[in-house]
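Enquirer: 3D, please:
(one chain, ligands or ions: 3)
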Amino acid sequence: MPEGSYLYCDVSLPVPMDQPFTYTLPETLRHRAHPGCRIVAPFGTRRLTGVILRCHDEPPAMATREALRLIDAEPVLDAELLALGRWIAGYYCAPLGEVLRGMLPLASEMRRGKVWSLTDSGRDAARQLVLDTSPDDPVSKILRMLERRPLSAAYLAKALPLADKAMRSLERRGFIAAEQVETDRDPLRAPSERLRIELAGDVAPGGVPGGAPGPGGTPPGTPPDAKLNKPERELRAFLELHPGSHNLKEIEGAVRNASMAARSLARKGLVSLKPETVAIASVPVRARHALNPAQQAAFEEIRDAILSRQFRTFLLHGVTGSGKTEVYLTAIEEVLAQGRSALLLVPEIALTPAMAGQFFFRFGDRVAILHSAFTDVERTEQWRRIRSGKASVVVGTRSGVFAPVRELGLIVVDEEHDGSYKQEETPRYNGRDVAVVRAQQAGACVVLGSATPSLESRYNVERGKYTLLELPGRIEERPMPLVELIDMRQEFLETRKQATFSRKLEEAIGQRLENGEQTIVLLNRRGFSSFVACRSCGERVECMNCSVTLTFHKRDRRLLCHYCGYAEKVPSVCPKCSSEHIYFMGLGSERVEEELHRAFPAARIARLDRDTVTGKRQYETILHDFREGNYDILVGTQMIAKGHDIPNVTLVGVVSADVGLGVPDFRAAERTFQLLTQVAGRAGRGSVPGIVLIQTINPDHYAVRIAAAQDYQAFYEKELAFRRMMRYPPFSAMANVLVRSEKKEMAMRLSAELGILLTPPPEKLRIMGPAEAPVARVKNEYRYQFLIKAASRTALNELLQRIRAFAIERKWGATALVIDVDPLSLA
Ligand code: ADP
Ligand code: ZN
Ligand code: ZN
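Expert: Ligands and ions are numbered 1, 2, ... in the order given. This next block holds a predicted model:
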C-alpha cells in the first residue's frame, strides 16, 4: 500500500470524455486515497463514482471541488490492471472512465440509479404548467409527482411508461435534473435460494453482517429468547439442532417463515447469511487422463514457456474431440505448482455448472468462477477470493480477463474464435486480444485453443507472433465423423417436394431411434418462419422500430423482431392491400422441431435456442437431460454446436448450411465453416463412429465444401487468399464507425459532416461510406456507417481519435457516435 498524504487526486469518471478530473481531497481522505480506489465526486449537478488514477500535491490551474467519499480502503484496480485499462481505452478508442467501470467487478455492488427532482425554475413552472395542461398530459403528471418528492428514474419509468419524451423535453428546458446516486446493495435482500444461513457463532468473521463470535456459539449481548418472536426462536432452535450452513430455501420447508426470520436474525447479528456458492451440477466427473503423445508434446512446449517466465502465445489447434481441455488442465497444474495463478476464459454459453464442476474436481476450492448469471453478491464474493489469493484458478467469460489474480502465469482462451469474446457495447474490446496484452504485461503465457482458429490468430502464427501447437487426431484414435453433403436442389428434382428433411436424413434419424442412439439437428435460425408476406402485393411485415422483417413464433402466436424484441399479432389480412392471402416463408428451429415430431411421433425431442433458453439454468437442464438420455433428438441453433461432449450422439443433421452465407459480412464464409465444423464435431465422440449429413443448396460453396472435407488448412489458405486480395483483416486493421440518430435527417447530417472531415482520406487508409448500415434502422435509430480499412494500425488509431474529438467538440449526443475497432459484426 503506498504511503503518504496528498492534497489532490486525479479521477477518471464514467463520462464520454477523456481527461481525468482533479478534486481536492478532504482532510479525512488525504492519506487514505490511493490510485485504483473508487471515490465519489461531484460532477455538474450529479455525483459520480470514479477511479483514482493519481494522488499528488500539484496545485491545479483551475479551482477544484472537493471529493465526497472514498469507497475502497484498498485499491480495486492495481497498477497492472490500470495500465491494461489505459491500453484498452487507447486501442479501442473508448473513454477511460467507461473502460475502468467495466473492469470493476464491484461496479454493480453499488446500484447505480438516477433520481429526478424539480429544479427551482421547474418548481415555478410546475404550478403554471400543471394549470395549463390536461391532467393526463405526461408533462403535467411528471411535474405533479416530482413536486411531492424526488423519484428514481426506475420508478418513473414504471409509473409512466410512455413519458420518455416528456422527461427529455423537461430536462432540456431545465425544469428537472437528475442526480446519479448509488445505494449499497443489501445482501440480505437476495432471494432465499441464493443464501446460506448458519448461526453467527459458527462462522469465521466476514459473514454478513459479521456479528462478533462469542463463546459457545452465541455472540455476546445476545438478547434472551423472550425478545425473539416465534419464527425467530424456531429458526434458531433448528440451526442449533442442525449445525453447519444450510441453503435458506431448503430450510423453509422445515421452519415456518424461515426467510423472514432469517433476515431479522441476521440484522440482530444472531445468524450469518452468505451468498450461496456455485451449484455444481451432478454430472459424472471426467477421470483424469494420462496425456497421449500429441497432448504431451503440446503440454511440454507450454510447460517450458511457463517455466521460463516469459510472455509467449500459443495457438492450440486441435480437431474436435482431440482433448484440448486435458492440455489446459495439465498446464494450469504446472502454473499452480509454481505458486502462480491461471485464468481460463470460455465463451459465454459454455460456462455451465457442469463445466465448473470439472474444475472443482481438479482444483478444489482454489477455483473461482466468474459468471454473468451470478448475483452481484456472488460475484463480489468470488472477486474477493481471487484478490486475496485464496483462489488461484479463475474460470470466467469475457470480463474474467480482468480478474485480479496474483502472479499471473497463464491465460487459456478456449474456443478462441468465438464471437462472444467481443463486447458489443462500449468499450468494444475483444477478451481474447485483451488476454494476450495482459499476459504480455505480466510476463505470462497464453494458450488460445480451437478446432477452427480465427483467421487472425492463425495468421499470427505465420507472422511469428504465435506458436502453433497441433492435436491432429481424436482421442484414442477415434475416427473423425463421416460427412456427406446433400444437394437439396437435386432432392427437389427427384422428389418434386419442398421438404425440410431429405430422404437420407430422415432415414438416418429413424435408424438412430431404432438403435437407441442420439441425434443432433442444427438449423441456425430461430422462430417458426423467418418472415410473413402477402401473396397479392408482395408486402413483407417489418418491425416498427427496425428495418428488418418480423419472425413468426408459433408457440406465442406472434411476430417478433430479433433486433429489438418488438412483437405483434399475426395479421389476418395484409396490412397494405387487405388481401387475405398471407403466407409464411423461411424455416426456423421451432418449425424443425414440429416437423420432427410429425415425422417421428414416438421420439423424445428437445429444442435449444434462445426461445427455449432464457436463463443459464435452462440451457444446462436441457443439455443435462439430453446427455442423460432423456431425449433422442436435440434440435437447435448454433447453441448446440458448442463444445459439448455427448458420447451417444452418432448423427448430426444440418437442415440448411446456407443460413449464414447470404449475410453481408466478409466473415460470412468463415462463420459458416466454423459452425459446420463445430457441429460436425459433436458426432461420434464415443465408441460408435459418427456421421454428419449437411443439407445445402450451395454444395459448391467453398465454406460448405471444405467443412464437409474437414480440412481446416485448405479453408485457411483459400480464405486467406480472399482476405489478402480484398485487403480485409488480417491484411488490414479495420474499424466500423457508426453514426446514429432517431431522426433520419440528423443521422444523415452528422454522417455528412463526418464525411467532410474524412475527405480526402489520410494516407494508408481506405474509407467506405457514409452508407446506410446493412440494417439501416435499429430500435428506432437510423444508422449510417463508415468502414475503414487501414494498412497501418497507428494511422487508423490517429484517425479514430480525431473522429472522437470531432464529435465531442461538436457536442454530438452521447449515443450518436459508435467506434468499433476490429468489428466482428458489420450489420
Ligand atoms: P476437445 O475440447 O478437443 O473437443 P475434449 O477436451 O472435450 O476435446 O476431450 C474429448 C474427450 O476425450 C473427453 O471426454 C475427455 O475426457 C477425453 N480425453 C481427453 N484426453 C484424454 C486422454 N489422454 N485419454 C483418454 N481420454 C481423454
Ligand atoms: Zn398485400
Ligand atoms: Zn425491431
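Enquirer: The closest residue to residue 689 other than its chain neighbours and residue 691, how far apart?
Expert: Among residues not flanking residue 689 along the chain, residue 479 sits closest, at 5.2 Å (Cβ to Cβ, 6 or more residues apart in numbering). Every C-beta, even on glycine, is put in place using the N, C-alpha and C of the backbone. The gap separating residue 479 from residue 691 is 10 Å, by Cβ to Cβ, to the nearest Å.
Enquirer: do residue 808 as well
Expert: According to Cβ to Cβ, residue 808 and residue 691 sit 58 Å apart.
Enquirer: if you count what's nearby, which of the two comes out ahead?
Expert: For residue 808 versus residue 691, neighbours defined as other Cβ atoms under 10 Å are more numerous around residue 691 (18 against 14).
Enquirer: check contacts around the residue lying closest to the more buried one once chain neighbours are set aside.
Expert: Closest residue in space to residue 691, ignoring its immediate chain neighbours: residue 482 at 4.7 Å, by Cβ to Cβ, 6+ apart. Taking Cβ atoms under 8 Å, 6 or more residues apart in numbering, we find residue 482 in contact with 689-692.
Enquirer: So which of the residues you listed wins on neighbours?
Expert: The residue in those with the most neighbours, by other Cβ under 10 Å, is residue 692 (28 neighbours).
Enquirer: Am I right that that one is in a strand?
Expert: Yes - assessed with DSSP: H, G, I helix; E, B strand; the rest coil, residue 692 lies in a strand.
Enquirer: Run a quick check on it versus residue 650, I expect a contact.
Expert: No - if you go by Cβ atoms under 8 Å, residue 692 and residue 650 don't touch, sitting 10.0 Å apart.
Enquirer: Next secondary structure after the biggest strand by length in the chain?
Expert: In the chain, assigned by DSSP state E, the strand with the most residues is strand 765-778. Per DSSP states H and E, strand 765-778 leads on to strand 781-790 as the next helix or strand towards the C-terminus.
Enquirer: how near is the residue nearest to residue 691 to residue 713?
Expert: Per Cβ to Cβ, residue 482 is found 19 Å from residue 713.
Enquirer: And residue 665, by the same measure?
Expert: Going from residue 665 to residue 713 by Cβ to Cβ gives 23 Å.
Enquirer: now residue 768
Expert: 31 Å.
Enquirer: How about residue 167?
Expert: Residue 167 is 57 Å from residue 713, by Cβ to Cβ.
Enquirer: quick one, which of these two is more surrounded?
Expert: residue 167 (19 against 10).
Enquirer: that's a helix at that one, yeah?
Expert: Yes - counting by three-state DSSP, residue 167 is found in a helix.
Enquirer: so the nearest residue to it once chain neighbours are set aside, which of the three states?
Expert: Distance criterion Cβ to Cβ, 6+ apart; nearest residue to residue 167, sequence neighbours excluded, is residue 142 at 6.5 Å. Of the three states, residue 142 takes helix according to three-state DSSP.
Enquirer: Give me the phi and psi angles of the nearest residue to residue 710 once chain neighbours are set aside.
Expert: With Cβ to Cβ, 6+ apart as the measure, residue 480 is the residue that lies nearest to residue 710, at 5.7 Å, once sequence neighbours are left out. Backbone torsions of residue 480, given as degrees, to the nearest 10, read phi -70, psi 150.
Enquirer: which residues touch residue 480?
Expert: 319-320, 474, 684, 710.
Enquirer: what about residue 559, distance to residue 432?
Expert: Residue 559 is 36 Å from residue 432, by Cβ to Cβ.
Enquirer: quick one: buried residues of stretch 348-364?
Expert: 348-363 (16 or more other Cβ atoms under 10 Å).
Enquirer: Report the central residue of this protein.
Expert: residue 348 (5.7 Å; Cα atoms, centre = their mean).
Enquirer: Correct me if wrong: it contacts residue 372.
Expert: Yes - if you go by Cβ under 8 Å, residue 348 and residue 372 touch, sitting 7.3 Å apart.
Enquirer: Next, show the common contact partners of these two.
Expert: Common neighbours of residue 348 and residue 372, counting by Cβ under 8 Å, 6+ apart, are residue 397.
Enquirer: In the stretch 551-700 of the chain, what residue lies closest to ligand 1?
Expert: Scanning the stretch 551-700 of the chain for the residue nearest ligand 1 gives residue 645, at 4.4 Å (criterion: Cβ to the nearest ligand atom).
Enquirer: Looking at the stretch 51-200 of the chain, which residue is nearest ligand 3?
Expert: residue 164 (16.9 Å; Cβ to the ion).
Enquirer: Can you pull the phi/psi pair for that residue?
Expert: Dihedral angles (degrees, to the nearest 10) for residue 164: phi -50, psi -50.
Enquirer: Now for it, how many residues are close by?
Expert: Residue 164: 12 surrounding residues under other Cβ under 10 Å.
Enquirer: now it, nearest residue through space, not along the chain?
Expert: Residue 164's closest residue in space is residue 157 (Cβ to Cβ, 6+ apart), at 7.9 Å.
Enquirer: The one you found belongs to a strand?
Expert: No - under three-state DSSP, residue 157 falls outside any strand and is assigned helix.
Enquirer: gap between the residue of the stretch 601-750 of the chain found nearest ligand 3 and residue 754?
Expert: Residue of the stretch 601-750 of the chain nearest ligand 3, by Cβ to the ion: residue 742 (13.8 Å). Taking Cβ to Cβ as the measure, residue 742 and residue 754 are separated by 18 Å.
Enquirer: Next up, the contacts around residue 731.
Expert: With Cβ under 8 Å, 6+ apart, residue 731 has these contacts: 723-724.
Enquirer: And what about it, helix, strand or coil?
Expert: When classified by three-state DSSP, residue 731 comes out as coil.
Enquirer: picking that back up, ok, the residue nearest to residue 691 to residue 710 distance?
Expert: Taking Cβ to Cβ as the measure, residue 482 falls 10 Å from residue 710.
Enquirer: Over to residue 608?
Expert: From residue 608 to residue 710 the distance is 24 Å (Cβ to Cβ).
Enquirer: Equivalent analysis for residue 347, please.
Expert: Residue 347 sits 21 Å away from residue 710, taking Cβ to Cβ as the criterion.
Enquirer: Return the distance of stretch 78-97 from the chain's centre.
Expert: The chain centre lies 19 Å from the centre of stretch 78-97; the measure is Cα atoms, centre = their mean, to the nearest Å.
Enquirer: Give me the buried stretch members for it, please.
Expert: Within stretch 78-97, the residues that count as buried by 16+ other Cβ under 10 Å are 81-82, 84-85, 87-89, 91-97.
Enquirer: average pLDDT for that stretch?
Expert: Mean per-residue pLDDT for stretch 78-97: 95.
Enquirer: Need the contact partners of that stretch.
Expert: By Cβ under 8 Å, 6+ apart, the list of residues contacting stretch 78-97 reads 12-18, 20, 35-36, 50-51, 53, 77, 99-100, 103, 402, 404, 426-429, 434, 437-438, 441-442, 797, 800-801, 804, 819, 821.
Enquirer: could you dump it to PDB, C-alpha only?
Expert: Only the C-alpha atoms of stretch 78-97 are listed here, as PDB (Å, rounded to 0.1, in the frame of the first residue of the first chain):
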ATOM      1  CA  ASP A  78      -3.800  -2.500  -9.200                       C
ATOM      2  CA  ALA A  79      -1.200  -0.800 -11.300                       C
ATOM      3  CA  GLU A  80      -1.200  -3.700 -13.800                       C
ATOM      4  CA  LEU A  81      -4.900  -3.500 -14.300                       C
ATOM      5  CA  LEU A  82      -4.900   0.300 -14.500                       C
ATOM      6  CA  ALA A  83      -2.300   0.000 -17.300                       C
ATOM      7  CA  LEU A  84      -4.400  -2.600 -19.100                       C
ATOM      8  CA  GLY A  85      -7.400  -0.200 -18.800                       C
ATOM      9  CA  ARG A  86      -5.400   2.500 -20.400                       C
ATOM     10  CA  TRP A  87      -4.400   0.200 -23.200                       C
ATOM     11  CA  ILE A  88      -8.000  -0.700 -23.900                       C
ATOM     12  CA  ALA A  89      -9.100   2.900 -23.900                       C
ATOM     13  CA  GLY A  90      -6.400   3.800 -26.400                       C
ATOM     14  CA  TYR A  91      -6.700   0.800 -28.700                       C
ATOM     15  CA  TYR A  92     -10.500   0.700 -28.800                       C
ATOM     16  CA  CYS A  93     -10.900   4.500 -28.700                       C
ATOM     17  CA  ALA A  94     -13.200   4.300 -25.600                       C
ATOM     18  CA  PRO A  95     -13.400   6.700 -22.700                       C
ATOM     19  CA  LEU A  96     -11.100   5.500 -19.900                       C
ATOM     20  CA  GLY A  97     -13.700   6.100 -17.300                       C
END
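Enquirer: No further questions, thank you.
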